[in-house]
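*Asks:* Coordinates for the following, if possible.
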Amino acid sequence: MHSLHPLFFPSSVAIIGASSDPERIGGRPLRFLIESGFAAPIYPVNKSGAQIQGLPSFASVLDIPGPVDQAIVAVPVAGVEAALSDCIRKGVRCVQVLTAGFAELGPEGRALQDRLLALCQAAGVRMVGPNSLGLLNVDTRFFATFSTALNGLQPRPGVISLATQSGAFGSCAYGMATLRGLGFSKIIATGNEADVDVAEAIDYLAEDPQTRVICAALESCRDGQRLRAALLKAAGAGKPVLVMKVGRTELGAAAASTHTGSLAGDDAVFDTVFAECGAYRPASIEEMLDIAYLCATTGRLPLNADMGVVTGSGGIGVLMADHAGELGLSMSPLPPAAVAATLEVLPFAVAANPLDMTAQVTSVKSGVTRALDAMLNHGPYGTVFAYLAHSGLSPQRFASSIEELGALRLRHPDKDVVMVMLSVPEVNARLEALGMPVFADPSRAVVALGAAARMATRRRALYEAGTVRPAATPLGRVDTEATAKQALAAAGLPMLPEHLCTSADEAARAAQALGFPVVAKIASPDIPHKTEVGGVILHLTDADAVRAAFDTLMSRARAARPQARLDGVLLAPMLQGGVEVILGVHMDPTFGPMVMYGSGGTAVELFKDVAFASAPLTPPRARDLVERVRASALLRGWRGAPPCDEAALVDALCRLSEFAVAHQDELASIDINPLVVRAQGAVCLDAVIVKRPPATQPHEEPEHAHAH
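*Replies:* Alright, predicted model coming up:
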């Protein structure tokens, strides 16, 4: 049994701090449990010892005669620690601490919260909160919350579950869902997450037989590996996970000193991890509920990303096609067999995709379902939309269509039909019982399908953590381009021959040995981005030009950065041709090393045509990373140029990712900008490695405060 199971299925509940006032925080959970008809024993605990809301009350949890499985704590901050101590003596298995005023308020509150956690951990007691809004098990009517949403709403049973840090977000989401008729199985607000966090709640819901779709909301994440594992577990169980991530974290100054660090914002990394683990990040609560509704009603993700549209309006069909193109859905042309079958039934129809039945379809018996049947029988579409205007507003007239649609569903069990029309709840309920979602807005319907199709695609290529041994020796000095390149070359990344020169004459001799033309670059641990100080001179074709370039570069660097340490000038062959890309590594404080790939050059932060992936990379995941960047089209012979060696790029990405994992305890970030990909091979032309300061401590997310 999962350790969170007793939280949702308690055999008895004590409410410590129970109030006779049903509107107070200590009174609401008791009132909601009584009103909902929760069947297990409920024990109000209050020092007054009087009867509370019609139930016998106890001065202490220790006075309750029978066993207590779970305790809900709603006493003032000063009394919480004593209440938990009594719970532990009583043998309570799990507690919810609704009281606020702990780590979200500062160091003193954190110290008290840490003491609560230590008490619970020593006794093997699981704790939700503190600062939690509570939880609900809708199936058993266990409404253990003080959310005022329950004053006017009764959540319906269903197959969607919700785990959220923010109680306000949770009550808003399930309130919106209840008003539109969606049903829930379990809801939990984790609050300050001293013990139970959203990741562990997702892990539990991945096992829960009553949950088919998981919604979640995060403000922060203290254990990236646990979140990864939970999302992958849910994907493996066939359960879509929709995660709303709100809030941003500040990047450290060291990480921001490279292009990679400045581009690897909180959102980019979370988006990457969600995608790698088969989850999806909606843009709004409304979109999250649309996607959850689609998946819960059909009972699965779509067979493929190809969609068909049957409509009585050409304009609506075009609107849906526009959205499909924007969302990466395909709309394959109607096959000849489907065209013939359609025209046999509806000779006046525009037999294409979208299939426009025209208004004349009403003159043909069963015209709509026969057109749908033709598209499902002969087309490649995993999902077919049927736009039927306002047909669902008249249950009596639509009754025969529902029977026909039920038979249609049985004939095509592996494909989905989504209705788009105005309709009344009675019609919606009957169609949903057949596994057919109903949307009033065609745009929202296509957006929901686009998300579901993307999750299905992601599920076929889930993240797999490779094994890389930690480095046997520390990284050493990597604070200049030359030393950074030496470390990367040792890891197998391709480099050109180079010379670090400390005089103009030495530079001239080095250039003669390398062969003209050459490039000269200032070498300084204090100037990571050389172009910002004019620290690069290209196309040097003779010894005199090299001597002059040496003097110029040293003068520019002294003028622009008077305090900078100057190691000299780095000479390298001048490379011609190829496509410039950027490779990088960002050491994310939550999820560890993240590899960046994108369009290279000085404008990388302007265009932000980059993508991220968790390290280490396998060759298939590295190829997928390359595919996600628009500028990768340049690698394939753009406008007559020869195609580039993508295999060499993939190899470089994999080697960089392994280097990052091996040295993750020392690294802050890496830039290779540019890496030039050529017709044969690739080569790193510049590199910046930033190490963590020696005093860097493990990252701690700032505590989040909640407004209930």
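*Asks:* only C-alpha atoms for contact and neighbour calcs from this point on.
*Replies:* OK.
*Asks:* what distance separates stretch 194-212 from the middle of the whole chain?
*Replies:* In terms of Cα atoms, centre = their mean, to the nearest Å, the gap separating the centre of stretch 194-212 from the centre of its chain is 16 Å.
*Asks:* again but with stretch 338-345, I slipped
*Replies:* Stretch 338-345 sits 43 Å away from the centroid of its parent chain (Cα atoms, centre = their mean).
*Asks:* State the mean pLDDT of that stretch.
*Replies:* Per-region confidence: stretch 338-345 scores 95 on mean pLDDT.
*Asks:* ok, residues contacting that stretch?
*Replies:* Counting by Cα atoms under 8 Å, 6 or more residues apart in numbering, stretch 338-345 makes contact with 349, 351-352, 364, 367, 370-371, 374-375, 377-379, all of which sit outside it.
*Asks:* Please pick the buried ones from those.
*Replies:* Neighbour counting by 16 or more other Cα atoms under 10 Å classes 349, 351-352, 367, 370-371, 374-375, 379 among the contacts of stretch 338-345 as buried.
*Asks:* quick one: which two of the residues you listed are the most distant?
*Replies:* G367 and G379 (17.7 Å; Cα to Cα).
*Asks:* Let me have the buried ones among the contacts of stretch 338-345 in CSV, extended by pLDDT, distance to A461 and secondary structure.
*Replies:* Shown next, in CSV, are the buried ones among the contacts of stretch 338-345 (pLDDT from 0 to 100; distance: Cα to Cα, whole Å; DSSP: H, G, I helix; E, B strand; the rest coil):
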residue, pLDDT, distance to A461, secondary structure
A349, 92, 40, coil
A351, 93, 36, coil
A352, 94, 33, coil
G367, 92, 40, helix
R370, 94, 37, helix
A371, 94, 35, helix
A374, 95, 33, helix
M375, 95, 29, helix
G379, 95, 26, coil
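*Asks:* Pick the one among those residues closest to V45.
*Replies:* Looking at these and their distance to V45, the nearest is M375, at 63.1 Å (Cα to Cα).
*Asks:* With adjacent residues omitted, what lies nearest to the closest one?
*Replies:* Leaving aside its chain neighbours, M375 sits nearest to A338 (5.8 Å; criterion: Cα to Cα, 6 or more residues apart in numbering).
*Asks:* quick one: the strands in the stretch 201-350 of the chain?
*Replies:* Assigned strands in the stretch 201-350 of the chain, in chain order: 213-218, 241-245, 307-311 (criterion: DSSP state E, counting those that start in this stretch).
*Asks:* Return the most buried member of those.
*Replies:* Across the strands of the stretch 201-350 of the chain, averaging neighbours per residue (mean count of other Cα atoms under 10 Å) puts strand 307-311 on top, at a mean of 27.
*Asks:* Mind checking the pLDDT average for that one?
*Replies:* Averaging the model's pLDDT scores along strand 307-311 yields 96.
*Asks:* just the CA coordinates of it, formatted as CSV?
*Replies:* These are the backbone C-alpha positions of strand 307-311, laid out as CSV (Å, rounded to 0.1, in the frame of the first residue of the first chain):
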residue,chain,number,x,y,z
MET,A,307,-7.7,14.7,-37.4
GLY,A,308,-10.8,14.7,-39.6
VAL,A,309,-13.6,17.3,-39.5
VAL,A,310,-17.2,16.7,-40.5
THR,A,311,-19.1,20.0,-40.6
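*Asks:* Let me have the buried ones among the contacts of stretch 338-345 in TSV, extended by distance to A471.
*Replies:* Supplementary listing: the buried ones among the contacts of stretch 338-345 in TSV, determined by distance: Cα to Cα, whole Å:
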residue	distance to A471
A349	68
A351	63
A352	60
G367	69
R370	65
A371	63
A374	61
M375	58
G379	54
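*Asks:* low pLDDT regions in the protein?
*Replies:* 49, 247-266, 602-603, 605, 695-708 (pLDDT under 70).
*Asks:* Would you mind giving the domain segments of it?
*Replies:* Here the chain is described, according to automatic domain parsing, as comprising the domains 5-254, 302-459, 465-496+575-692, 497-573.
*Asks:* Just put these in a markdown table and tack on distance to M288.
*Replies:* Putting those into a markdown table (distance: least, Cα to Cα, whole Å) gives the following:
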| stretch | distance to M288 |
| --- | --- |
| domain 5-254 | 6 |
| domain 302-459 | 8 |
| domain 465-496+575-692 | 24 |
| domain 497-573 | 42 |
